[in-house]
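Peer 1: sequence? don't have it. structure:
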């Protein structure tokens, strides 16, 4: 998993915001209904016109939260992928044949010579 710091995300967002001509004045960043419609279109999500004001408000709430995260002092804090240190369980990487051919083929409607038999579909 890749860890990206919030300041880097904010810098990228601000670059996008300038490219999209969004206003960055005030707190939180202002997303209008046209921008919400454009984001929905890019995400291929159908949003009814009467739901656009609520969607824009949700976007503004999310961006406000991101602005708050940008104010946190993270100097000297190493990026992490989990809040608790953990190590995944490991197993030996050995090749096995499974030894379950009979069990797998037991429920097959037609099994021949140790394989599933299926009807011919291409002539």
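Peer 2: Looks like it arrived, so ask away. Because the structure is predicted, anything quoted here is derived from the model rather than measured.
Peer 1: following the lengthiest helix in the chain in sequence, what is the next regular element?
Peer 2: Using DSSP state H, we find that the single longest helix of the chain is helix 52-70. Using DSSP states H and E, the next helix or strand after helix 52-70 towards the C-terminus is helix 101-105.
Peer 1: with adjacent residues omitted, what lies nearest to residue 31?
Peer 2: residue 59 (4.3 Å; CB to CB, 6 or more residues apart in numbering). Just so you know, the C-beta spots here come from the backbone N, C-alpha and C atoms, and that holds for glycine as well.
Peer 1: quick one: the one you found and residue 39 touch, right?
Peer 2: Yes - taking contacts as CB atoms under 8 Å, residue 59 lies within contact range of residue 39: 7.1 Å.
Peer 1: what about residue 55, neighbour count?
Peer 2: 19 (other CB atoms under 10 Å).
Peer 1: next, give phi and psi for the nearest residue to it once chain neighbours are set aside.
Peer 2: Beyond its immediate neighbours in the sequence, the residue positioned closest to residue 55 (CB to CB, 6+ apart) is residue 36, lying 4.5 Å away. Torsion angles at residue 36 (phi, psi; degrees, to the nearest 10) stand at phi -60, psi -40.
Peer 1: sorry, back to before: and residue 59 and residue 39? Which one has more around it.
Peer 2: Taking other CB under 10 Å, residue 59 and residue 39 do not tie; residue 59 has more neighbours (19 against 16).
Peer 1: what distance do you get for the more buried one to residue 44?
Peer 2: Residue 59 sits 17 Å away from residue 44, going by CB to CB, to the nearest Å.
Peer 1: now residue 58
Peer 2: Residue 58 is 18 Å from residue 44, by CB to CB.
Peer 1: higher neighbour count, these two?
Peer 2: Legend: neighbour count by other CB under 10 Å for residue 58 and residue 44, higher for residue 58 (12 against 6).
Peer 1: list the contacts for the more buried one?
Peer 2: For residue 58, the contact set (CB atoms under 8 Å, 6 or more residues apart in numbering) is empty.
Peer 1: residues touching stretch 36-55, excluding its own?
Peer 2: Stretch 36-55 is touched from outside by 33, 56, 59, with contacts defined as CB under 8 Å, 6+ apart.
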